[in-house]
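**Student:** got a predicted model here, sequence first, then my questions.
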Amino acid sequence: MNADNALLKFAPEMHKTYLTFILDGKMPSYCSSLDTNRAVLMYFAVGGLDILNSLETITDARKKSIIDWIYSLQIINDKDSASGFQGSTNLNTIENRGENTLYKWAHIANTYACLATLLMLRDNLERVNRRAIINSLRALQLPNGSFKGAVDGVESDMRFVFCAASISYILNDWSGIDVELMVDFILNSISYDGGIGQGPELESHCGSTFCAVASLALSGNLDRLTRAQFDNLRRWLLFRFDAGFNGRPNKPVDTCYSFWTGGALKILDAYDFIQQENNHQYVLMTQDRRGGFGKWINCVPDPMHSYLGLAGLSLMEFDGLNEMFSELNVTKRTHDFLEDVQATWK
């Protein structure tokens with residue numbers, strides 16, 4: 001495709017408009033099923049603006065409002081080991097205000113998203129009940145080393161391993177995790193082809209591979225991979241690049257894998273092997289003319305692919321975008337702020 005085509009011209013202002021639209025809760029009707037995960041949508045919107053170096057477009061008053069809203073989602077429930085953050089206030093009613101009731105529980109993915117977003121907005125986490133969250137992590141780890149998302153009624157797989165590792169890393173407290181058991185689960189999930197699945201004997205997938213590799217890196221256990229495992233893993237990930245990134249063999253390229261696959265390669269110090277001047281072309285072809293990125297070309301944009309498309313472009317060192325700290329899926333400057341916050345806890 002001609003590089004001069006308007007579709008390939010990066011449109012940061014349009015993406016700012018789209019992300020602000022999401023941030024203000026003006027979601028299209030097809031996103032109604034995501035109402036219970038508004039905290040994750042907030043993470044995508046604020047995170048995208050952070051990558052675009054455009055957080056200043058959010059006024060101080062608006063930032064305070066967002067931070068206060070996030071803290072309103074914090075659940076402190078030691079009795080049921082359900083502490084952390086909810087995804088939205090949709091389960092909060094007049095009748096259960098201030099009380100812990102059935103299903104008014106934290107979810108591990110929303111806890112990660114809320115903590116990360118607070119850091120993006122430069123909150124020092126002083127209102128976070130770190131003890132309660134760490135204690136609740138213990139109740140979420142299963143005997144095989146994986147984690148379930150909440151106290152009851154959810155799956156357990158590599159996604160939540162990443163969330164648990166990220167929460168422990170952010171709170172600088174690994175006492176809520178049996179790290180050795182977690183590492184064993186990850187190593188047992190390495191497939192015959194070198195990639196990593198959502199669990200043992202499951203198909204290799206770049207999403208679960210990223211979660212596994214990032215969890216090993218955050219916990220300081222990347223060296224637990226043998227030389228053969230390390231080399232095979234990098235090889236499998238490198239084969240996922242074909243003018244764009246796909247998530248599994250024989251699957252089409254997809255915008256989100258520009259980060260899931262690219263981020264794993266970054267952590268494994270192998271991204272340079274696919275670094276090309278035209279890496280960005282596929283991602284830019286998924287831009288919508290009104291802002292945001294879609295999963296595929298000529299596909300409706302959504303918050304997740306918009307954020308991960310920007311994160312992928314950042315890995316490609318695209319001009320004007322903030323550098324990513326891939327292991328935590330936040331910008332480097334947000335990670336630097338986290339280190340400053342953690343220094344005050346010592």
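**Tutor:** Thanks, I have the structure now.

**Student:** residue contacts, Met120?
**Tutor:** By Cβ atoms under 8 Å, 6 or more residues apart in numbering, the contact set of Met120 is 46-47, 50, 55, 330-331, 334. For every residue, glycine as well, the C-beta is placed using N, CA and C.

**Student:** going by distance to Tyr271, which of those wins?
**Tutor:** In terms of Cβ to Cβ, no member of the contacts of Met120 lies closer to Tyr271 than Thr331, at 16.8 Å.

**Student:** the closest one: what's it in contact with?
**Tutor:** Counting by Cβ under 8 Å, 6+ apart, Thr331 makes contact with 47, 50-51, 120, 314, 322-325.

**Student:** who is it paired with across the strands?
**Tutor:** Under the criterion DSSP bridges, Thr331 forms beta bridges with Met324.

**Student:** from Ile22, how far out is it?
**Tutor:** Thr331 sits 18 Å away from Ile22, taking Cβ to Cβ, to the nearest Å as the criterion.

**Student:** swap in Cys114?
**Tutor:** On the measure of Cβ to Cβ, Cys114 and Ile22 end up 16 Å apart.

**Student:** using the three-state scheme, assign the residue located most distally from the centre of the chain.
**Tutor:** If you look at how far each residue of the chain sits from its centre, by Cα atoms, centre = their mean, the farthest one is Glu95, at 33.4 Å. Classification of Glu95 using DSSP: H, G, I helix; E, B strand; the rest coil returns coil.

**Student:** residue contacts, it?
**Tutor:** Contact analysis of Glu95 by Cβ under 8 Å, 6+ apart lists nothing.

**Student:** for it, give me phi and psi.
**Tutor:** Comment: the main-chain dihedrals of Glu95 come out as phi -70, psi -30, following degrees, to the nearest 10.

**Student:** about what we covered before: from the contacts of Met120, which land in helices?
**Tutor:** Residues from these lying in helices, with DSSP state H as the criterion: 46-47, 50, 334.

**Student:** give the contact list for Ser314.
**Tutor:** Going by Cβ under 8 Å, 6+ apart, Ser314 touches 51, 321-324, 331.

**Student:** look up how far Gly320 lies from it.
**Tutor:** Counting by Cβ to Cβ, the separation of Ser314 from Gly320 is 10 Å.

**Student:** equivalent analysis for Ile167, please.
**Tutor:** Taken as Cβ to Cβ, the span from Ile167 to Gly320 is 31 Å.

**Student:** and if you look at Lys79?
**Tutor:** Applying Cβ to Cβ to Lys79 and Gly320 gives a distance of 49 Å.

**Student:** between these two, which one's more packed in?
**Tutor:** Using other Cβ atoms under 10 Å as the criterion, Lys79 and Gly320 rank with Gly320 on top: 12 against 7.

**Student:** surely that one and Asn53 touch.
**Tutor:** Yes. Under the contact definition of Cβ atoms under 8 Å, Gly320 touches Asn53, with a separation of 6.7 Å.

**Student:** so where do the helices sit in this structure?
**Tutor:** In chain order, the chain shows helices spanning 12-23, 38-51, 60-72, 108-120, 130-140, 158-171, 179-188, 206-218, 227-238, 257-267, 281-285, 303-315, 332-343, with DSSP H as the criterion.

**Student:** alpha carbons of stretch 37-51, as CSV, please.
**Tutor:** Output in CSV follows, covering the C-alpha atoms of stretch 37-51 (Å, rounded to 0.1, in the frame of the first residue of the first chain):
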residue,chain,number,x,y,z
ASN,A,37,-15.6,-3.6,33.6
ARG,A,38,-15.6,0.1,33.4
ALA,A,39,-12.3,0.2,35.4
VAL,A,40,-10.6,-1.7,32.6
LEU,A,41,-12.0,0.7,30.0
MET,A,42,-10.7,3.6,32.1
TYR,A,43,-7.3,1.9,32.1
PHE,A,44,-7.3,1.7,28.3
ALA,A,45,-8.4,5.3,27.9
VAL,A,46,-6.0,6.9,30.4
GLY,A,47,-3.2,4.5,29.4
GLY,A,48,-3.7,5.5,25.7
LEU,A,49,-3.5,9.2,26.6
ASP,A,50,-0.3,8.5,28.6
ILE,A,51,1.3,6.8,25.6
